[in-house]
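Enquirer: no sequence on this one, just coordinates:
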């Protein structure tokens, strides 16, 4: 009889940086500040306090500074360590990400995610050599909970995904050899050949 195999791993997941919430809040202030400066410049020209040349130079310098600040505070993501629990039971592979930050409708939330892939509905195993990423394709049942400020879990998504691809990058934050060990375990578990792409 098949016994469950459980792997506690560290995925290198694409997440918002730790200061992303603060930077996102600065963007509206920068935009309104730029409009206010342009309004004051236009008023100074109308009142003949400034010449048109001085006003254009002021407006351009304000625009350049604000655009630089907007680029620096744009929404972006970086690879951060995210815990991953991979369970291979007799019927399915269960992927659990207990604390993965993500951006949802413009706000940063910490989510607890679980994906269950029935063993008989896994269609392929892939290894992307360039990105050192393992991908398992097949049907997955997705369950997602948001982690509230008090640590409570609130269910927000539950759906079945056809031809889904679950991928993880274990090279960055896991011990050496982890990727090959997991690939070997997945190949033995599913009976599928690993397709390697560059």
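Expert: Structure's in. What do you need? Predicted model only: the values in this text are computed from it and were never measured.
Enquirer: Surely residue 86 touches residue 6?
Expert: Yes - in this structure, residue 86 is within contact of residue 6 by C-beta atoms under 8 Å, at 7.3 Å. C-beta: built from backbone N, CA, C; applies to glycine.
Enquirer: who has more neighbours, those two?
Expert: Taking neighbours as other C-beta atoms under 10 Å, residue 86 and residue 6 compare with residue 86 leading, 22 against 11.
Enquirer: Please give the element, helix or strand, for the more buried one.
Expert: strand 78-88 (DSSP states H and E).
Enquirer: who touches that strand?
Expert: Residues outside strand 78-88 that contact it (C-beta atoms under 8 Å, 6 or more residues apart in numbering): 4-15, 17, 93-101, 168-169, 172-173, 182, 185-186, 189.
Enquirer: Let me know the next secondary structure element after it.
Expert: The first helix or strand that comes after strand 78-88 along the chain, using DSSP H and E, is strand 92-104.
Enquirer: starting at the chain centroid, how far to the following helix or strand past that next one?
Expert: Remark: after strand 92-104, the chain's next helix or strand is strand 107-118, criterion DSSP H and E. Here the centre of strand 107-118 is set off from its chain's centre by 11 Å, with C-alpha atoms, centre = their mean, to the nearest Å.
Enquirer: ok, and what's touching the helix or strand following strand 107-118?
Expert: Beyond strand 107-118 in the direction of the C-terminus, DSSP H and E gives the next helix or strand as strand 122-128. Contacts of strand 122-128 with the rest of the structure, by C-beta under 8 Å, 6+ apart, involve 93, 133-138, 163, 165, 167, 179, 183, 186-187, 190, 192-198.
Enquirer: go again using 6 Å as the cut-off
Expert: 134-138, 186, 190, 192, 194-197 (C-beta atoms under 6 Å, 6 or more residues apart in numbering).
Enquirer: Against which helices or strands is the very next helix or strand once past that strand packed?
Expert: Next along the chain after strand 122-128, taking DSSP H and E as the criterion, comes strand 133-147. Where contact means 3 or more C-beta pairs under 6 Å, 6 or more residues apart in numbering; DSSP states H and E, strand 133-147 is packed against strand 107-118, strand 122-128, strand 153-168.
Enquirer: mean confidence score for the strand holding residue 86?
Expert: For strand 78-88, the mean per-residue pLDDT is 88.
Enquirer: can you pull the buried residues of that strand?
Expert: 80, 82, 84, 86, 88 (16 or more other C-beta atoms under 10 Å).
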